[in-house]
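**Student:** Here you go, sequence then predicted model.
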Amino acid sequence: MHEVFRHWDTATVGLLNNLLQDAGVPTILQNWDGCNITEIPIPAIYPTICVAKEEDSKRAKEIITAFQKHSTPSAGEWTCPSCDERVEQNFSECWNCSRTREIFH
């Protein structure tokens with residue numbers, strides 16, 4: 001097994017796990033049973049996403065990186081790839097040309 005993502009927040013791990021599975025990357029969750037909640041954060045027992053095959057590891061990390069890059073607010077705006085219009089972060093569609101915001105390339 002090859003670890004591709006580890007985080008203290010089970011919601012984040014679950015979201016990324018679903019994105020990977022939707023993209024056709026088979027995943028295995030570890031430390032998912034809820035016993036990772038402690039007073040002192042212990043990264044070794046954070047929920048973890050793994051892939052069985054090493055060749056899936058690169059693709060999984062690319063998907064995770066793309067998601068993180070596009071989900072991080074950048075001054076509260078994103079640029080439409082069709083018309084270069086600046087659109088507020090909370091909108092998923094360009095107000096100028098109606099193109100849907102792309103999260104993955």
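**Tutor:** Arrived safely. Please read these numbers as outputs of a predicted model, since none were measured by experiment.

**Student:** Does the helix or strand that residue 17 is a member of pack against any helices or strands, and if so which?
**Tutor:** Using DSSP states H and E, residue 17 sits in helix 10-22. Applying 3 or more CB pairs under 8 Å, 6 or more residues apart in numbering; DSSP states H and E, one finds that helix 10-22 contacts strand 2-6, strand 48-51, helix 54-71. Yep, even glycine has a C-beta here, placed from its N, CA and C like the rest.

**Student:** hey, which of these is tucked in deepest?
**Tutor:** strand 48-51 (a mean of 22; mean count of other CB atoms under 10 Å).

**Student:** could I have that one exported to CSV, CA atoms only?
**Tutor:** What follows is strand 48-51, C-alpha atoms only, in CSV (Å, rounded to 0.1, in the frame of the first residue of the first chain):
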residue,chain,number,x,y,z
THR,A,48,-5.1,8.2,5.7
ILE,A,49,-5.9,7.5,2.1
CYS,A,50,-3.8,4.8,0.4
VAL,A,51,-3.7,3.1,-3.0
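
**Student:** List the contacts of that strand.
**Tutor:** 1-6, 13, 16-17, 20, 25-31, 57, 60 (CB atoms under 8 Å, 6 or more residues apart in numbering).

**Student:** ok, that strand: who's next to it in the sheet?
**Tutor:** Applying DSSP bridges, strand 48-51 is found paired with strand 2-6 (antiparallel), strand 28-30 (antiparallel).

**Student:** distance of residue 44 from residue 88?
**Tutor:** 39 Å (CB to CB, to the nearest Å).

**Student:** which strands and helices sit next to the helix or strand of the chain with the lowest mean pLDDT?
**Tutor:** Between all helices and strands in the chain, the lowest mean by mean pLDDT, DSSP states H and E belongs to strand 77-79, at a mean of 80. For strand 77-79, the packing partners by 3+ CB pairs under 8 Å, 6+ apart come out as strand 86-88.

**Student:** how about low-confidence regions in this structure?
**Tutor:** Scanning the chain for pLDDT under 70 picks out 34-40, 71-75, 103-105.

**Student:** how is it carved up into domains?
**Tutor:** 2-72, 74-105 (automatic domain parsing).

**Student:** Give me the buried positions along the shortest one.
**Tutor:** Taking 16 or more other CB atoms under 10 Å as the basis for neighbour counts, the residues of domain 74-105 that come out buried are 78, 80, 87, 94.

**Student:** Having no further points to raise, I will conclude here.
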